[in-house]
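*Asks:* Got a predicted structure plus its sequence, pasted below:
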Amino acid sequence: MNGPDLQSAIDRAGSPIQLLWTPDAAPWTVPIVQPEFAGWAAEQEAWRTGVALFDLSFHMFDTFFEGPDVTRLLSEVSANQYRNFAIGQAKQFVPVAYDGNIIVDGILLRTGEEAYTLTGVPAAQNWVKYHAQAGGYDVEFSTDPDSSVRTDRDPQLFRFQVQGPLAMEVVERALGGPAPEVAFFHSSIVEIAGRPVRALRHGMAGQAGFEFIGDFADYGAVKDAILQAGEGSGLMQVGGKAYFTNGVESGWIPTPTPAIYTDDRLADYRRSLSAFSYEGKKPLNGSFYSDRIEDYYISPWELGYGRSIALDHEFIGRDALVAARDDVRRTKVTLEFDREDVRAVLGDDLGYLNSYGRYRIEDANDLVGMTFWTSHIGPVGTVLSLALVDAASAEPGTQVEVVWGEHPGHGTAADADLGFRRIRATVQTSPYNEFARTAYRANATA
């Protein structure tokens, strides 16, 4: 590691919050992929009613783990079940800290008897890599960062998702025959344009489809073949703007605050991380402010990850996770913003909006929760927000208000009256998208 470590950065800033709080923080952008092809709203519509192609090759980290101890390592640093984890299967990876709160999730794909690939934002990968080294496991690993970091070469892998009601007809044309019959989050090796490709039954936009993964040397040939296969179905490429709204309707909170910043047992872990890492640079902003970083931590139970948790083995945070199971106070919901208030507060000509700000949610001026991901969904006609709210406010149809503004941070009271506007919102279920809620994982296995 070059430069200062995360613990040193926290000490210099005065606290984790003083390090991370960044009013008006700019949203993430997708490197390499152009922002729009046909327009962000039209691209959102494509995965709802037609078919869309997502290029996921450039904005995620991959870490490749291999070795005799790799399954034991993963089992001891996450809440997942590994006894029946088949080669070619993927799982939502759920690592938790000693307090039972989530680090950050990821997608874990088993590629061999002693080999796995962990994909997503790097915090979960950093967690596993640290314990692999600190625990003396017989495991080797290498990381391929995203293209905002990796500026001197191509990625190792390409990833394309074909999603939407017409996805299967495009997939079958690209394959030149029937799609493989695999369960949700399972995969098989197929050929596209004569190249070997892993076909993973997966989707990120509320519609079922496939994710195709392969050697980046085949990127152009495979992408061209998919585009050609989609010509008769109106396949639409999705740009970076629309892509970073696609999980709001399917109910996935992508960037929880890692529960690592104050626990004395994780001091060495913080010293192993760069001050310029995801953990050191992922900003917090919005109207929900607290000087306590712990107020931003999230339990996997609150996120609805219960089906991914196995308590039949020992792992870091297990006891705290067991204790928290019967004390879940918040529920994940979707907030549907009032259209008139959206126009009044955000502007008549509101276009693209995507924010990971933590905005206060109030009921009769009492704090009842916070937002995690807020986006303008063109086909819905308003703004939606993924949020956690107190159980008493989680019933669909409940009326709440979102406090829209940017708290300046340390030195100003968390509940200070800063004149922020309020946007009325109606609590709805999460996932908001009916297909994602009722049918998306219908053929899933553990």
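*Replies:* It's in. Numbering: from 1, shown residues only.
*Asks:* Low-confidence stretches in the chain?
*Replies:* Flagging of the chain using pLDDT under 70 yields the residue ranges 203-207, 434-446.
*Asks:* how about the helices in this protein?
*Replies:* 6-13, 16-20, 40-49, 70-76, 123-134, 167-175, 219-229, 240-243, 267-272, 278-281, 318-325, 339-346, 434-438 (DSSP state H).
*Asks:* list the helices and strands the longest one packs on?
*Replies:* Translated: helix 123-134. strand 61-66, helix 70-76, strand 115-120, strand 140-144, helix 267-272, helix 278-281 (3 or more Cβ pairs under 8 Å, 6 or more residues apart in numbering; DSSP states H and E). The C-beta positions use only the backbone N, C-alpha and C, and glycine is treated the same way.
*Asks:* in that helix, what counts as buried?
*Replies:* By 16 or more other Cβ atoms under 10 Å, the buried positions in helix 123-134 come out as A123, A124, Q125, N126, W127, V128, K129, Y130, H131, A132.
*Asks:* one step back: just tell me which of the helices of the chain ends up closest to L303.
*Replies:* Proximity to L303 (Cβ to Cβ) singles out helix 318-325 among the helices of the chain, at 11.8 Å.
*Asks:* Tell me which residues are up against that closest one.
*Replies:* If you take Cβ atoms under 8 Å, 6 or more residues apart in numbering as the criterion, helix 318-325 is touched by A79, V96, Y98, D99, G100, N101, S299, P300, W301, I309, L311.
*Asks:* can you count the residues close to G232?
*Replies:* The number of residues packed around G232, counting by other Cβ atoms under 10 Å, is 11.
*Asks:* The residue nearest to it when sequence neighbours are not counted: how many residues sit nearby?
*Replies:* Leaving aside its sequence neighbours, G232 sits nearest to R173 (Cβ to Cβ, 6 or more residues apart in numbering; 7.5 Å). Here the count is done by other Cβ under 10 Å, and R173 has 18 residues near it.
*Asks:* picking that back up, selecting buried members of the contacts of helix 318-325 in PyMOL, what would you type?
*Replies:* Buried subset of the contacts of helix 318-325, written as a PyMOL selection, criterion 16+ other Cβ under 10 Å:
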select buried, resi 79+96+98+99+100+101+299+300+301+309
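*Asks:* before we move on, the earlier item: need the helices and strands packed on helix 123-134 in a markdown table (columns: distance to D417 and mean neighbour count).
*Replies:* What follows is the helices and strands packed on helix 123-134, written out as a markdown table (distance: least, Cβ to Cβ, whole Å; neighbours: other Cβ atoms under 10 Å):
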| stretch | distance to D417 | mean neighbour count |
| --- | --- | --- |
| strand 61-66 | 41 | 21 |
| helix 70-76 | 48 | 20 |
| strand 115-120 | 39 | 22 |
| strand 140-144 | 46 | 16 |
| helix 267-272 | 35 | 16 |
| helix 278-281 | 31 | 20 |
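*Asks:* How about stretch 409-416, which residues are buried there?
*Replies:* In stretch 409-416, counting by 16+ other Cβ under 10 Å, buried: G409.
*Asks:* again but with stretch 370-385, I slipped
*Replies:* 370-378, 380, 382-385.
*Asks:* Among the contacts of helix 318-325, which ones are in strands?
*Replies:* In strands, judged by DSSP state E, none of the contacts of helix 318-325 are found.
*Asks:* one step back: between the buried residues of stretch 370-385, which is closest to P145?
*Replies:* Nearest member of the buried residues of stretch 370-385 to P145, counting by Cβ to Cβ, is W373, at 23.0 Å.
*Asks:* Nearest residue to the most centrally placed residue in the chain in space, ignoring adjacent ones along the chain?
*Replies:* Nearest to the geometric centre of the chain sits P254, at 2.4 Å (Cα atoms, centre = their mean). Of all residues not flanking P254 in the chain, G247 sits nearest, at 5.9 Å (Cβ to Cβ, 6+ apart).
*Asks:* didn't that neighbour look like it was pressed against T334?
*Replies:* No: applying Cβ atoms under 8 Å as the test, G247 and T334 come out as separate, 11.3 Å apart.
*Asks:* neighbour count winner among these two?
*Replies:* More crowded of G247 and T334, by other Cβ under 10 Å: T334, with 23 against 19.
*Asks:* what bridges to the more buried one?
*Replies:* L386, Q428 (DSSP bridges).
*Asks:* Contacts only, for the residue nearest to G232.
*Replies:* A229, G230, G232.
*Asks:* Spell out which residues are contacts of both of G247 and T334.
*Replies:* Shared contacts of G247 and T334 (Cβ under 8 Å, 6+ apart): L386.
*Asks:* Distance to G239 added to the helices and strands packed on helix 123-134, as TSV?
*Replies:* TSV is the format used below for those (distance: least, Cβ to Cβ, whole Å):
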stretch	distance to G239
strand 61-66	21
helix 70-76	34
strand 115-120	20
strand 140-144	23
helix 267-272	36
helix 278-281	23
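*Asks:* of these, which approaches M1 most closely?
*Replies:* Across the helices and strands packed on helix 123-134, closest to M1 is helix 267-272 (Cβ to Cβ), at 7.4 Å.
*Asks:* list the helices and strands that closest one packs on?
*Replies:* Against helix 267-272 (3+ Cβ pairs under 8 Å, 6+ apart) you get helix 6-13, helix 123-134.
*Asks:* Same list (those helices) but as TSV, adding distance to Y243.
*Replies:* What follows is the helices and strands packed on helix 267-272, written out as TSV (distance: least, Cβ to Cβ, whole Å):
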stretch	distance to Y243
helix 6-13	29
helix 123-134	20
